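Novice: predicted coordinates and the sequence they were generated for:
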Amino acid sequence: MKRLLFALICLLLAGCAAKGTSVVLLEDPDGTVGKVEVTTAAGEQTLARAGESTSVKDPSDAPSAVRVLSRDDINRTYGRALNALPEPSETFLLYFRSGTTTLAPESEGTPQEVARTVARRASGDVRVNGHSDRVGTREENERLSLERAAAVRNILIDLGVDPGIIRIFSHGEGNPLIPTPDDVPEPRNRRVEVLVR
């Protein structure tokens, strides 16, 4: 969805080169399509399918009738803006043994995959987000998730990733993948999410 919104902003900027603004709805990289409402004081149009477009010549005018652009039309008109979009982030999940900063067996090879991705992309931005389940106090889980993030950071540095591009964050027991009541162990919430941008 973030890529869709970014693409729309780029398309809006590209459309501003001529008088007025054009909006085209594009699919996300995973093929899903959101929805956009284009509203002025004189009316509104809703775009809900990939390729749908509307334009506004002046802020006092209603948006034009919705029309569907072909992929060729989109590429011809907005290709330069679309080609300027950054590659989407790649996300990696590393899971941990309960109450520790020790990687679970299924995650032991993931740091090498992250390091290869950083090198392949020549990335300058790696975000390491630590999480915990809801076993223990909120304060303990905040500390533990930060320690997990720091442990992954250190592994990545040992694998040759530049420490200057890595930022770590702690979410504690907030933002669980699987919501649970307090003191319920959930292995999928004991994780570090690494975003390579």
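Specialist: Cool, got the structure.
Novice: so what are the domain limits for this protein?
Specialist: 2-83, 90-196 (automatic domain parsing).
Novice: most packed of those domains?
Specialist: The highest average neighbour count among the domains of the chain, using mean count of other C-beta atoms under 10 Å, belongs to domain 90-196 at a mean of 17. Any C-beta I mention is one placed from the backbone N, CA and C, and that applies to glycine too.
Novice: check this structure for its longest helix and report it.
Specialist: When the chain is parsed with DSSP state H, its longest helix is helix 138-158.
Novice: just the CA atoms of that one, as CSV, please.
Specialist: Output of helix 138-158 as CSV, limited to C-alpha atoms (Å, rounded to 0.1, in the frame of the first residue of the first chain):
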residue,chain,number,x,y,z
ARG,A,138,6.0,-4.9,29.6
GLU,A,139,9.3,-3.5,30.8
GLU,A,140,11.1,-6.9,30.6
ASN,A,141,9.7,-7.4,27.0
GLU,A,142,10.8,-3.9,25.9
ARG,A,143,14.3,-4.7,27.1
LEU,A,144,14.3,-8.2,25.6
SER,A,145,13.1,-7.0,22.2
LEU,A,146,15.8,-4.3,22.2
GLU,A,147,18.5,-6.9,23.1
ARG,A,148,17.2,-9.2,20.3
ALA,A,149,17.5,-6.3,17.8
ALA,A,150,21.0,-5.6,19.1
ALA,A,151,22.0,-9.2,18.8
VAL,A,152,20.8,-9.3,15.1
ARG,A,153,22.7,-6.1,14.5
ASN,A,154,25.9,-7.6,15.8
ILE,A,155,25.5,-10.7,13.7
LEU,A,156,25.0,-8.6,10.6
ILE,A,157,28.1,-6.5,11.4
ASP,A,158,30.1,-9.8,11.9
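Novice: a strand runs through Tyr95, doesn't it?
Specialist: Yes. Under DSSP: H, G, I helix; E, B strand; the rest coil, Tyr95 falls within a strand.
Novice: could I get the contacting residues of it?
Specialist: Counting by C-beta atoms under 8 Å, 6 or more residues apart in numbering, Tyr95 touches Leu103, Ala104, Glu106, Ser107, Pro187, Arg188, Arg190, Arg191.
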